[in-house]
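A.B. asks: can you look at this prediction? I've put the sequence above it.
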Amino acid sequence: MTRRSLLMVANQLDSFFNHRLPQAIGAIDDGFDVHVAMDEADAACCRAAALGLEGLTFHHLPLARGFGNPLAELESLSALHRLVRHLRPGVVHAYTLKPVLYAGLITRRTGTPLAASVTGVGSFFLGTSARDKLIQSALLPALRIALAGRRACRVIVQNPDDRNLVTGPLAVSPTNTRLIRGSGVDIAIFTPASPPPNVPPVRVALAARMLADKGVREFVDAARQLQAKGLEAEFILAGGLDPANRSAITEDEINSWTQEGVVTWTGHVTDMAALNRSAHIACLPSYREGLPKSLLEAAACALPIVTTDVPGCRDAIVEGDTGLLVPARSTAPLADALARLITDADLRHRMGRAGRAYVEAGLSVDAVVSQTLNVYGELLNA
């Protein structure tokens, strides 16, 4: 196989199609043979066919989320090693913590150039349980082995805080890191509503998986406070359940909130552009992110944003210009910021227009694809 080949390693089908597909298509257009390894390869083939996509070859890789049975983890490593040896790709691009770790260890052994997108690494270190700390203590040295001290390796980060993590505890040379801000927004699809949705009520949307780490409970508490004050607003939770996640919120808990009348829950949303165009404010009180695509999509739809002053989230807005920052894990400041936007239409419109301009200026999907292809070119010439 020629050096103009790319193997992308992912561990979630939805994440690949939602966040990485434009990069894969961009690589095909740039002349790469593109292979994708994931656990749900058959389903990925069906989805690609339904979308009319050509040029993607999917390979089954037994790579589950999280770290479990040691024998199963060894099988995942062995299967990926066999695939890399068989395909002999010019570049391997791995996404999220576990694929980055395994691809890093294997490509160090095979000498294959590696692009490692470390989205989610910072969030992983939020865990505070004894099990979390044990896994973290094992992963840090393993990640150093996988990523540090390599010439043909580029570690892609989405925000400056993650770059500090990579160059600090993970010991990656700063010259081998690249800041690419998110996975890009299709600004032709994510456009402002015309005309804007009617008020009242002002509609506030939190678009995320239903996880405590996304600040869902703080959002619900803030909504409860604002409704008690008589503000005419509707609070919307837009996202599916993720029961395998350590911070999962149960369906029973969400149903109790909807029965109380404090929020509306849509479940998983397939048309995020339509959701954003039906809302007036976007909110994500998360504890940590890479660079939240949901906020960039909302900004492209000219929604003002309320989010937390934590890595990733604060990088998705310009404070006071496109949105408002509040402390994480704190309900009262969140409620105050939401109230400010709910009651000030002029401020909402001004911040919304600025948010659209902010995304257009360098956060479009075309910009991100171009930057990613530049990384591939560096690695092929390393």
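C.D. replies: Yep, that arrived. Residues are numbered from 1 along each chain as shown.
A.B. asks: what element comes up after the helix or strand encompassing Ala332 heading to the C-terminus?
C.D. replies: Taking DSSP states H and E as the criterion, Ala332 maps to helix 331-342. Sequence order places helix 345-360 as the next helix or strand after helix 331-342, per DSSP H and E.
A.B. asks: list the helices and strands that following helix packs on?
C.D. replies: helix 293-300, helix 331-342 (3 or more CB pairs under 8 Å, 6 or more residues apart in numbering; DSSP states H and E). In this view, the C-beta of every residue, glycine as well, is placed from N, C-alpha and C.
A.B. asks: follow-up on the earlier one: in the helix holding Ala332, what's buried?
C.D. replies: Neighbour-count burial for helix 331-342 flags Thr331, Pro333, Leu334, Ala335, Ala337, Leu338, Ala339, Leu341, Ile342 (criterion: 16 or more other CB atoms under 10 Å).
A.B. asks: returning to that earlier point: with mean pLDDT and distance to Val157 added, can I get the helices and strands packed on helix 345-360 in CSV?
C.D. replies: CSV is the format used below for the helices and strands packed on helix 345-360 (pLDDT from 0 to 100; distance: least, CB to CB, whole Å):
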stretch, mean pLDDT, distance to Val157
helix 293-300, 98, 15
helix 331-342, 98, 27
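A.B. asks: of all those helices, which lies closest to Leu21?
C.D. replies: Leu21 lies closest to helix 293-300 among the helices and strands packed on helix 345-360, at 12.5 Å (CB to CB).
A.B. asks: quick check: angle from that closest one to helix 345-360?
C.D. replies: Computed by axes from the mean of the first three to the mean of the last three CA atoms, to 10 degrees, the angle separating helix 293-300 from helix 345-360 equals 110 degrees.
A.B. asks: quick revisit: got the helices and strands packed on helix 345-360 as CSV, with distance to Pro70 columns?
C.D. replies: Shown next, in CSV, are those (distance: least, CB to CB, whole Å):
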stretch, distance to Pro70
helix 293-300, 33
helix 331-342, 41
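A.B. asks: so which of these is nearest Cys283?
C.D. replies: helix 331-342 (6.6 Å).
A.B. asks: so where is the chain shaky, pLDDT-wise?
C.D. replies: For the chain, the stretches with pLDDT under 70 are 1-3, 120-128, 131.
A.B. asks: got the residue ranges for the strands in it?
C.D. replies: Taking DSSP state E as the criterion, the chain contains strands spanning 5-9, 33-38, 56-60, 91-95, 114-117, 153-157, 177-179, 202-207, 233-238, 264-267, 281-284, 305-308, 323-326.
A.B. asks: re the thing from before, ok now the helix holding Ala332, how far from the chain's centre?
C.D. replies: What separates the centre of helix 331-342 from the centre of its chain is 25 Å, taken as CA atoms, centre = their mean, to the nearest Å.
A.B. asks: which strands and helices sit next to that helix?
C.D. replies: Helices and strands touching helix 331-342, as assessed by 3+ CB pairs under 8 Å, 6+ apart, comprise strand 202-207, helix 216-228, strand 281-284, strand 305-308, strand 323-326, helix 345-360.
A.B. asks: just to revisit the earlier point, and the strands of the chain as CSV, adding distance to Ala188 and mean neighbour count?
C.D. replies: CSV is the format used below for those (distance: least, CB to CB, whole Å; neighbours: other CB atoms under 10 Å):
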stretch, distance to Ala188, mean neighbour count
strand 5-9, 24, 25
strand 33-38, 23, 22
strand 56-60, 22, 18
strand 91-95, 24, 28
strand 114-117, 24, 28
strand 153-157, 25, 26
strand 177-179, 25, 17
strand 202-207, 20, 24
strand 233-238, 22, 21
strand 264-267, 24, 14
strand 281-284, 19, 29
strand 305-308, 21, 28
strand 323-326, 23, 24
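A.B. asks: among those strands, which is nearest Ala142?
C.D. replies: Short answer: strand 114-117, nearest of those by CB to CB, at 13.1 Å.
A.B. asks: who does that closest one pair up with?
C.D. replies: Under the criterion DSSP bridges, strand 114-117 sits next to strand 91-95 (parallel), strand 153-157 (parallel) in its sheet.
A.B. asks: sorry, back to before: redo the helices and strands packed on helix 331-342 as JSON lines? Include distance to Ser194.
C.D. replies: Formatted as JSON lines, the helices and strands packed on helix 331-342 follow (distance: least, CB to CB, whole Å):
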{"stretch": "strand 202-207", "distance to Ser194": "16"}
{"stretch": "helix 216-228", "distance to Ser194": "28"}
{"stretch": "strand 281-284", "distance to Ser194": "18"}
{"stretch": "strand 305-308", "distance to Ser194": "20"}
{"stretch": "strand 323-326", "distance to Ser194": "21"}
{"stretch": "helix 345-360", "distance to Ser194": "12"}
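A.B. asks: and Ala64, which of those is closest to it?
C.D. replies: Nearest to Ala64, of all the helices and strands packed on helix 331-342, is helix 216-228, at 24.6 Å by CB to CB.
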